[in-house]
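>>> Structural data only, the sequence is not supplied:
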């Protein structure tokens, strides 16, 4: 059986986090993923600082059981 796990890079601290553990933040119609409440709050306080520099790259890993 193959499981698909999706990871995102936090828009603020660039930490890699499982999709199920991210906190999405919307800014100007685009969704950014953050790893914690603290990073989410920081993003909402300074959205222009992080919106242009975030790594919104989706990383896929396939896990085999």
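Here it is on my side, so go on. Because the structure is a prediction, the values reported are computed rather than measured.
>>> residue boundaries of the helices in the chain?
Counting by DSSP state H, the chain has these helices, from start to end: 37-45, 47-51.
>>> Rebuild those helices as a markdown table, extending it with mean pLDDT.
What follows is the helices of the chain, written out as a markdown table (pLDDT from 0 to 100):
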| stretch | mean pLDDT |
| --- | --- |
| helix 37-45 | 93 |
| helix 47-51 | 83 |
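>>> So which of these is nearest residue 15?
Comparison of the helices of the chain against residue 15 by Cβ to Cβ identifies helix 37-45 as nearest, at 8.2 Å. Just so you know, the C-beta spots here come from the backbone N, C-alpha and C atoms, and that holds for glycine as well.
>>> Tell me which other helices or strands the closest one touches.
Other elements packing on helix 37-45 under the criterion 3 or more Cβ pairs under 8 Å, 6 or more residues apart in numbering; DSSP states H and E are strand 23-27, strand 30-34.
>>> tell me which residues in the first one are buried?
I take that to be strand 23-27. Neighbour counts using 16 or more other Cβ atoms under 10 Å place 23, 25 of strand 23-27 among the buried residues.
>>> Which residues does it contact?
Counting by Cβ atoms under 8 Å, 6 or more residues apart in numbering, the neighbours of strand 23-27 from elsewhere in the structure are 11, 31-37, 39-40, 43-44, 47, 51.
>>> Rebuild those residues as JSON lines, extending it with neighbour count.
Formatted as JSON lines, those follow (neighbours: other Cβ atoms under 10 Å):
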{"residue": "11", "neighbour count": "26"}
{"residue": "31", "neighbour count": "11"}
{"residue": "32", "neighbour count": "24"}
{"residue": "33", "neighbour count": "24"}
{"residue": "34", "neighbour count": "26"}
{"residue": "35", "neighbour count": "21"}
{"residue": "36", "neighbour count": "16"}
{"residue": "37", "neighbour count": "9"}
{"residue": "39", "neighbour count": "23"}
{"residue": "40", "neighbour count": "20"}
{"residue": "43", "neighbour count": "22"}
{"residue": "44", "neighbour count": "13"}
{"residue": "47", "neighbour count": "16"}
{"residue": "51", "neighbour count": "16"}
